[in-house]
Structures are given as C-alpha cells and as structure tokens.
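>>> Sequence first, then the predicted structure, then my questions.
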Amino acid sequence: MGSVILFGIAFIGGTIVVTLAFYFLMRFIMGADPTGKDRELAGAVVMRISSLHALILALVFAQEMIEYQQLKFESVTEANAVANVYFDAERYGANEKPPIQQALFEYVQIVVDEEWRSLGTTGQLSATAWAKWDNVYQRVLDLTPTNVRQQSIRDHMLANVHAISDSRDKRENSGTDSVSKIFWFAAISGVIFMALGYYPYPPDARNLLLLSVLGAFTGIILFFIYAFSDPYNPPATLKPTAFERLLEELASPPPSG
C-alpha cells in the first residue's frame, strides 16, 4: 500500500514538474507580456487545447473504468457458472458427482493460487486450468441421462461449462489490453501545450499555485487511467474475490442433517 501511495505521489508530482517546467521555458523564450496583448490569444488557445485534452482524458478514463468493472462482472459470472456445474453434478447422480466436483474444486484453486497472478505477468491463462475445464467438459458430455430430470440437468451443466470458457477468454483479453502509447503521447502533449499557453501570466505565487493545481489534477486522472488499465497488477489490482469466496464455500463441509 505504501509503495502504491508513493508511486501515485511521484506520478502526480511529475505532471506538476512538467507543467511548471514548460511554463518557465516558454516564458524564458518569449519573455514577459507587460502590455497584456498576448493574454487574449493565449487564453483562447489554452481553452481549446484544454477542452480537447479534457475530452480525451474523460473518454479514456471512462473506457478503462468500464473494462475494469466488466472484468469484475465476468469473474463473478464465471464463479457462478462453476458453482452451478458443481452443485448440478450433485443433483445429477452420486456416481457422476465426485470426479466433476473434484475437477472443479481444483480448477478454482488454480485460478486463485496461480492463474490470476500469471495473468499479471504473462497475460496468458493457465494451461492447467484449461485442462481441468476440459476434464469437466468431457465428463459432462459423456453423461447419459436416463430420465427427463437428468437430461435437463445435463443441458444446464453444458450451458454453464460454455459460460466458463467464454468468461475465461474475456478475462485473458482484459489482461492483455492496455492503453495505447498514442494516448500517452496525446495526454503528455496536452499538459505541455497548456503550460506553454500560460506564459503571458507572471510567475507570482497565486499563478504558480493554480498551475500546480492544474498539473496535479491532470496527474491524478492520468494515474487512475494507468492504474485501471492493468487490473491484474498494482496499483489497482483486482482481486479474484468471487473465486476466493467460492473456494471457501466448496472447501467447507456440508451442514449436517
């Protein structure tokens, strides 16, 4: 937690430094504006740049937040599908239940203990988890219903097995997607050009404070975009909470009679 806070402070401090540095650079090149003639044009330019810059940040921030929340939703959907197959196996029959439930239990263990972390390092799903999923899929396919009830349960299990596969693919895509370098170029360019446009204003305490506030707030938004763009790594790591809860539920003994 401490490292995340320090990284955030460094991120925000960096944008403040960039803002002030380019403000002073432009003022050094252009000199002061004692007559105030440059302020009107500079203000109009800054307003247009800041509007486009704010729009870009808002769109990308919203996109990353949606994808972050979508990953959370998909992980819950996947965990629910696993639970449905697990308990449907119990409803189907005593002989078919043990191998299916054991494979699903091991699957959830792999997701929690290995796969979630590997998505943050390699961006790829675990082959072992896929093998457990395939084991379950093959066993459900091999079921031979003897009545309408078993047929209905088998169909429901197959639908949920496919739902698990779909959610897995979406989890992998969420891990490999990242913010384009073009965005970072546009975001940093916007900060620089806005800072350049304020050169007609003298570097007194109030103006420098306002420029620092502009840089700090921009840095906060950029930090959030960076954080949410990689949900499997700090600083905004999304935990496999749904799978952890499911693992606890499956590991706990059933209530007695």
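Received the coordinates, thanks.
>>> could you say what helices and strands the longest helix along the chain packs with?
Using DSSP state H to define each element, the chain has its longest helix at helix 37-92. In terms of contacts (3 or more Cβ pairs under 8 Å, 6 or more residues apart in numbering; DSSP states H and E), helix 37-92 is packed against helix 97-110, helix 148-176, helix 181-196, helix 205-228, helix 241-251. Yep, even glycine has a C-beta here, placed from its N, CA and C like the rest.
>>> could those be laid out in a markdown table, adding mean neighbour count, distance to Gly123 and mean pLDDT?
As requested, the helices and strands packed on helix 37-92 are arranged in a markdown table below (neighbours: other Cβ atoms under 10 Å; distance: least, Cβ to Cβ, whole Å; pLDDT from 0 to 100):
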| stretch | mean neighbour count | distance to Gly123 | mean pLDDT |
| --- | --- | --- | --- |
| helix 97-110 | 19 | 17 | 96 |
| helix 148-176 | 17 | 4 | 92 |
| helix 181-196 | 16 | 17 | 93 |
| helix 205-228 | 17 | 16 | 94 |
| helix 241-251 | 16 | 19 | 94 |
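>>> ok now the longest helix of the chain, how far from the chain's centre?
Using Cα atoms, centre = their mean, to the nearest Å, the distance from the centre of helix 37-92 to the centre of the chain it belongs to is 8 Å.
>>> now stretch 212-223
For stretch 212-223, the separation from the chain centroid amounts to 20 Å (computed by Cα atoms, centre = their mean).
>>> Also stretch 229-241?
Here the centre of stretch 229-241 is set off from its chain's centre by 6 Å, with Cα atoms, centre = their mean.
>>> try stretch 222-229
With Cα atoms, centre = their mean, you get 9 Å for stretch 222-229.
>>> mind checking the end-to-end distance for stretch 135-147?
Across stretch 135-147, the terminal residues are separated by 24 Å (Cα to Cα, to the nearest Å).
>>> same check, this time on stretch 84-101
Stretch 84-101 end-to-end distance (Cα to Cα) = 11 Å.
>>> Other residues contacting it?
With contact meaning Cβ atoms under 8 Å, 6 or more residues apart in numbering, stretch 84-101 is reached by 104-105, 135-136, 139-140, 143, 150, 153-154, 156-157, 160-161, 164, 250.
>>> Helix, strand or coil: sort out Ala236 for me.
Classification of Ala236 into helix, strand or coil gives coil, according to DSSP: H, G, I helix; E, B strand; the rest coil.
>>> List phi and psi for it.
In terms of degrees, to the nearest 10, the main-chain angles of Ala236 are phi -110, psi 50.
>>> shift numbering so it begins at 886
Got it, first residue is 886 now, which makes that one Ala1121.
>>> what number of residues lie near it?
Here the neighbour count serves as a burial measure; for Ala1121 (other Cβ atoms under 10 Å) it reads 17.
>>> From Gly899, how far out is the closest residue to it other than its chain neighbours?
Computed as Cβ to Cβ, 6 or more residues apart in numbering, the closest residue to Ala1121 that is not its neighbour in sequence is Ala1112, at 3.7 Å. Ala1112 sits at a distance of 15 Å from Gly899 (criterion: Cβ to Cβ, to the nearest Å).
>>> what does Val1021 give?
When Cβ to Cβ is applied, the distance between Val1021 and Gly899 equals 48 Å.
>>> out of those two, which sits in the busier spot?
For Val1021 against Gly899, the residue with the higher neighbour count under other Cβ under 10 Å is Val1021, and the figures read 25 against 16.
>>> tell me the contacts of the more buried one?
For Val1021, the contacting residues are 970, 985, 988-989, 992, 1046, by Cβ under 8 Å, 6+ apart.
>>> now stretch 989-997, how far from the chain's geometric center?
Its chain's average C-alpha position is 22 Å from that of stretch 989-997, according to Cα atoms, centre = their mean.
>>> confidence score at the nearest residue to Pro1085 once chain neighbours are set aside?
By the measure of Cβ to Cβ, 6+ apart, the closest residue to Pro1085 outside its immediate chain neighbours is Asp918, 3.8 Å from it. Model confidence at Asp918, expressed as pLDDT, equals 70.
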